[in-house]
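Asks: Have a look at this prediction, sequence included:
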Amino acid sequence: MMESATHAASSHLVVDHESGHVLISKAADEPRAIASLTKIAAVLVALEWSGAEGVALTTLLPVPPGAISGGANPLGLQAGDEVSLETAFFAAMMASDNTSTHAFAEWIGSRLDRKGAPGSGVDRFVERMNRLAVRIGMSATRFVTPHGLEDSQGNAGVSTASDVGRLSLAALDHPELLRFASGKEREVGFLRKGKTVTARLVNTNELAGSRGIDGLKTGTTRRAGPCLVVSASRDLAVGGVVRPRRLVVVLLDAEDRFREAVLLLNQGWPACEAWVATGGVPGNQCLRKEGN
């Protein structure tokens with residue numbers, strides 16, 4: 001693994017998706033706020049729940065008054081509007097929509113088992129997010145809201161670049177999640193008093209659609225600084241064999257996050273090629289739990 005000291009991000013890493021092998025790392029285990037990167041966990045939990053329960057993504061859910069409480073609302077949703085799970089997931093991943101994320105968290109959370117998770121639907125949903133974190137080995141992570149904003153007491157969730165890498169690998173393993181993050185723009189609709197309202201979502205990830213980049217999530221708060229997870233794929237030729245490969249880049253508190261992501265990818269691809277050429281055996285810092 002390469003130790004990187006050439007970038008301004010407080011923490012970053014580059015990881016091979018298939019193996020979980022960390023290729024480049026800087027302060028990757030330093031606890032930090034991660035802002036809207038939290039929404040990766042929220043959408044993954046929601047997708048797992050809907051799949052397990054057989055709930056169609058076209059299912060409509062109401063926007064509760066509590067969802068209209070500040071933060072990004074790119075659809076201009078109002079209390080009482082109805083939005084599908086699918087549209088809410090697109091809005092959360094592409095446009096970092098806090099209102100849609102709160103709405104599906106409360107709706108799903110109200111349908112979760114109350115045992116061991118008292119409180120509101122949102123509270124129970126966040127508890128499920130923390131269960132996900134434990135399951136995939138995010139030992140330094142604690143979520144407090146589904147969208148990454150501070151809670152009502154001013155507490156922020158905490159994670160690390162390594163743990164966000166683990167989360168990103170799990171998200172990319174899910175067969176549906178990436179499609180909610182990969183587009184540059186998308187037209188969606190929701191219902192207001194029974195009538196369809198259309199809106200256009202623009203991906204906050206400026207790199208989506210270039211350099212093999214097809215995801216994954218941006219995030220920014222005053223406490224976290226600018227954050228970014230980028231996933232990118234390309235074919236690598238090693239020993240005469242061409243195989244597709246995917247890298248994940250995590251940047252926390254990176255003022256010039258898009259430029260830094262490109263620079264890290266430019267370093268990561270040759271590092272991955274050299275690592276594969278020498279056998280491709282994951283090192284001590286592997287982000288995949290054994291058996292995953």
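Replies: Right, received. Where do you want to start?

Asks: And the residue nearest the centre of this protein?
Replies: Central residue of the chain (CA atoms, centre = their mean): residue 40, 2.6 Å from the mean position.

Asks: For the stretch 101-250 of the chain, give me the ranges with low pLDDT.
Replies: Residue ranges of the stretch 101-250 of the chain with pLDDT under 70: 114-118.

Asks: how about 80 then?
Replies: For the stretch 101-250 of the chain, the stretches with pLDDT under 80 are 113-119, 238-239.

Asks: Strands along that one, start to end?
Replies: Here the stretch 101-250 of the chain has its strands, by DSSP state E, counting those that start in this stretch, at 185-192, 195-202, 213-221, 225-238, 241-252.

Asks: need the contact list for residue 57.
Replies: The neighbours of residue 57, taking CB atoms under 8 Å, 6 or more residues apart in numbering as the test, are 50, 84, 85, 86, 89. To be clear about C-beta, it is placed using only N, CA and C from the backbone, and glycine gets the same treatment.

Asks: And for residue 199?
Replies: Residues in contact with residue 199, defined by CB under 8 Å, 6+ apart, are 74, 75, 76, 187, 188, 189, 190.

Asks: okay, the strands of the stretch 101-250 of the chain in CSV with distance to residue 157 next?
Replies: Below are the strands of the stretch 101-250 of the chain laid out as CSV (distance: least, CB to CB, whole Å):
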stretch, distance to residue 157
strand 185-192, 27
strand 195-202, 24
strand 213-221, 10
strand 225-238, 12
strand 241-252, 12
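
Asks: The nearest residue to residue 227 once chain neighbours are set aside and residue 143, how far apart?
Replies: In this structure, residue 227 finds its nearest non-sequential neighbour in residue 219, 4.2 Å apart by CB to CB, 6 or more residues apart in numbering. According to CB to CB, to the nearest Å, residue 219 and residue 143 sit 13 Å apart.

Asks: Common neighbours of those two, please.
Replies: Common neighbours of residue 219 and residue 143 (CB under 8 Å, 6+ apart) are residue 38.

Asks: sec struct for the residue lying closest to residue 247 once chain neighbours are set aside, please.
Replies: Among residues not flanking residue 247 along the chain, residue 268 sits closest, at 4.9 Å (CB to CB, 6+ apart). Per DSSP: H, G, I helix; E, B strand; the rest coil, the secondary structure class of residue 268 is helix.

Asks: List the residues that contact residue 268.
Replies: Applying CB under 8 Å, 6+ apart to residue 268 gives the contacts 14, 23, 24, 247, 249.

Asks: Surely the second one touches residue 16?
Replies: Yes. The pair residue 23 and residue 16 passes the contact test of CB atoms under 8 Å, sitting 6.3 Å apart.

Asks: Overlap in contacts, the two.
Replies: Listed as contacting both residue 23 and residue 16 by CB under 8 Å, 6+ apart are 247, 272, 275.

Asks: and of those, the nearest to residue 200?
Replies: residue 247 (29.7 Å; CB to CB).

Asks: what's the next secondary structure element after the helix or strand hosting residue 15?
Replies: Using DSSP states H and E, residue 15 sits in strand 11-16. Sequence-wise, the next helix or strand downstream of strand 11-16 (DSSP H and E) is strand 22-26.

Asks: Can you give the strand pairings for that following strand, parallel or anti for each?
Replies: Based on DSSP bridges, the pairing partners of strand 22-26 within the sheet are strand 2-3 (parallel), strand 11-16 (antiparallel).

Asks: Select, out of these, the one closest to residue 194.
Replies: Nearest to residue 194 among the strands paired with strand 22-26 is strand 11-16; the distance by CB to CB comes to 46.6 Å.
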